[in-house]
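Q: give me the fold of what follows.
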Amino acid sequence: MADEKDNNETQRSPFLEEKAFKSRTVMVFGTINDKLAADISKRLIALSAESKDPITVMVSSPGGHVESGDVIHDVIKFIDAPVNMVGTGWVGSAAVTVFLAVPKERRVCLPNTRFLIHQPSGGFGGQASDIAIQAREIVKIRERIAALIAHESGQPLEKIAADIDRDYWMSATEAKEYGLISRIIVKQGELS
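A: Predicted structure coming up:
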């Protein structure tokens, strides 16, 4: 219990928070949920209000709640400051939606990044009529995600629809060939 408390305090260190803000870096790490989306959105809006200099968003996330990913995606597009997106670790599911919020030339990753695209999933429950409504909504989300990936990667929509039918993993090199990223970088200075 003490170790967990120490880890949380270290992660929320005012010194580190200030340094991250001054470096104009936002980190999307872990499962994407409404709390993370609100935190990331506040940071992006504050950084954009502070200056129109580029913001770097680093992403390492298995994904999470689709609509929470949509919030971050939309806020990145909403703010005036340009955003550089850097994938690291893994960028999966709803995190791919976040990642694709910037133009391809601003999407890069570190060498060991893996990407995962797939269709949305959900736990259905309730009355049959409610389950039918939820199933229709999942189909709409799947179509929207496929269209986004197709548009941002340059791949045909039919290919994306087939690829996301099951888990589709890509290495950094494969993600570059697929069109998810523009290049693989190893140093921060390569962002310029």
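
Q: return the set of buried residues in the helix ranked longest in the chain.
A: Looking across the chain with DSSP state H, the single longest helix is helix 128-153. Neighbour counts over helix 128-153 (16 or more other C-beta atoms under 10 Å) mark Ile138, Ile141, Arg142, Ile145, Ala146, Leu148, Ile149, Ala150, Glu152, Ser153 as buried. For glycine as for every other residue, the C-beta is placed from the backbone atoms N, C-alpha and C.

Q: ok, the third one touching Asp163?
A: No: at 12.0 Å, Arg142 and Asp163 do not qualify as touching, with contact defined as C-beta atoms under 8 Å.

Q: in its sheet, what does the strand ranked longest in the chain sit against?
A: What stands out as the longest strand in the chain, according to DSSP state E, is strand 83-92. Paired strands of strand 83-92, with direction, are strand 55-61 (parallel), strand 107-109 (parallel), strand 114-117 (parallel) (DSSP bridges).

Q: what about that strand, average pLDDT?
A: For strand 83-92, mean pLDDT is 98.

Q: next helix or strand past it?
A: Counting by DSSP states H and E, the element after strand 83-92 in chain order, helix or strand, is helix 94-99.

Q: that next one: how far from the chain's middle?
A: 3 Å (C-alpha atoms, centre = their mean, to the nearest Å).

Q: now do it: which elements does it pack against?
A: strand 55-61, helix 66-78, strand 83-92, strand 114-117, helix 128-153 (3 or more C-beta pairs under 8 Å, 6 or more residues apart in numbering; DSSP states H and E).

Q: please render the ones you listed as a markdown table that adds distance to Leu180 to the earlier fields.
A: Listed next are the helices and strands packed on helix 94-99 as a markdown table, based on distance: least, C-beta to C-beta, whole Å:
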| stretch | distance to Leu180 |
| --- | --- |
| strand 55-61 | 12 |
| helix 66-78 | 14 |
| strand 83-92 | 8 |
| strand 114-117 | 6 |
| helix 128-153 | 6 |
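
Q: what about Phe21, how many residues nearby?
A: Neighbours of Phe21 under the rule other C-beta atoms under 10 Å: 14.

Q: lovely, talk soon.
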